[in-house]
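Novice: the amino acid sequence is not available; the structure is as follows:
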């Protein structure tokens, strides 16, 4: 079963629209970490945010905001007033302690966001 | 440059050949990860180093894949008897301590096996 599900394969919006990227995760651990990464056309993944499982406070950073809800195992990402430069593939990731006792990342399949001028 | 670097950026090889991919992590980062990313997919975990030792190699697909990090800094991913299915972008990432921290990714090596 998918541990990190990003059901939206591709989203297209017109510039200045708001857009929400969904992420649903699955874990049995009580301590885990959630992340969002951006992968622009250049290819290099860029870290956006990290959340630990004990901190359900929503976070806002400029035009970006994140909604973490443990009750629904979701960690959604909203871009307000989208811009063409936001066009990229966005990955949600879960870090949990694996069978070996070490933490490792599990990535979703990504959501490709296209912002049209 | 303070980021993670990977060489080569592109590697084309023939089926059956041996390849080595190199990763230079951010100085001071003790944790180093290798991932493989196929087209349209998220990065797939291969192996994790904490210092010089492989703390978790459960993601290596088979014994043709091997990685080392002899001095706890630079790492080399080695693939023997390459197959066409090995074609992908191989990503390296490093983090300050362990996998609960944010990871900083390199630009990747695009491997094409003909």
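Specialist: That came through fine. Not measured: the values here are computed from a predicted model.
Novice: enumerate the residues of chain B near chain A.
Specialist: By the rule CB under 8 Å from any CB of the partner chain, the part of chain B lying against chain A is B:33, B:40-45, B:48, B:50, B:55-56, B:58-59, B:89, B:91, B:93, B:98-108. Yep, even glycine has a C-beta here, placed from its N, CA and C like the rest.
Novice: drop anything exposed from those.
Specialist: Neighbour-count burial (16 or more other CB atoms under 10 Å in any protein chain shown) is assigned, among the residues of chain B next to chain A, to B:33, B:42-45, B:48, B:50, B:55-56, B:59, B:89, B:91, B:93, B:98-108.
Novice: list the contacts of the residue nearest to residue B:6 when sequence neighbours are not counted.
Specialist: Of all residues not flanking residue B:6 in the chain, residue B:106 sits nearest, at 4.1 Å (CB to CB, 6 or more residues apart in numbering or on different chains). Taking CB atoms under 8 Å, 6 or more residues apart in numbering or on different chains, we find residue B:106 in contact with A:44, B:3, B:4, B:5, B:6, B:23, B:24, B:91, B:92, B:93.
Novice: same question, residue A:59
Specialist: Taking CB under 8 Å, 6+ apart, one finds A:49, A:51, A:65, A:66 in contact with residue A:59.
Novice: farthest pair in those residues?
Specialist: Within the contacts of residue A:59, two members stand farthest from each other by CB to CB: A:51 and A:65, at 12.2 Å.
Novice: still on that earlier bit, and the contacts of residue B:106, which two are the farthest apart?
Specialist: A:44 and B:24 (14.3 Å).
Novice: got a list of what residue A:94 touches?
Specialist: With CB under 8 Å, 6+ apart, residue A:94 has these contacts: A:3, A:4, A:25, A:27, A:32, A:33, A:34, A:35, A:105, A:106.
Novice: same thing with residue A:34?
Specialist: A:23, A:25, A:50, A:51, A:52, A:53, A:68, A:75, A:92, A:93, A:94, A:95.
Novice: same list, these, but as CSV with pLDDT and secondary structure please.
Specialist: As requested, those are exported to CSV (pLDDT from 0 to 100; DSSP: H, G, I helix; E, B strand; the rest coil):
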residue, pLDDT, secondary structure
A:23, 98, coil
A:25, 97, strand
A:50, 91, strand
A:51, 91, strand
A:52, 90, strand
A:53, 91, coil
A:68, 94, strand
A:75, 96, strand
A:92, 97, strand
A:93, 95, strand
A:94, 94, strand
A:95, 90, strand
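Novice: just the buried ones out of these, please.
Specialist: Buried, going by 16+ other CB under 10 Å: A:23, A:25, A:50, A:51, A:53, A:68, A:75, A:92, A:93, A:94, A:95, out of those.
Novice: tell me the secondary structure at the nearest residue to residue B:68 once chain neighbours are set aside.
Specialist: The shortest distance from residue B:68 to any non-neighbouring residue, by CB to CB, 6+ apart, is to residue B:76 (5.5 Å). Assigned by DSSP: H, G, I helix; E, B strand; the rest coil, the conformation of residue B:76 is strand.
Novice: distance of residue B:76 from chain A?
Specialist: 20 Å (CB to the nearest CB, to the nearest Å).
Novice: the host helix or strand of residue A:104: what's the following helix or strand?
Specialist: In this structure, residue A:104 is located in strand A:103-107 according to DSSP states H and E. Remark: after strand A:103-107, the chain's next helix or strand is strand A:111-116, criterion DSSP H and E.
Novice: perfect, that will be all.
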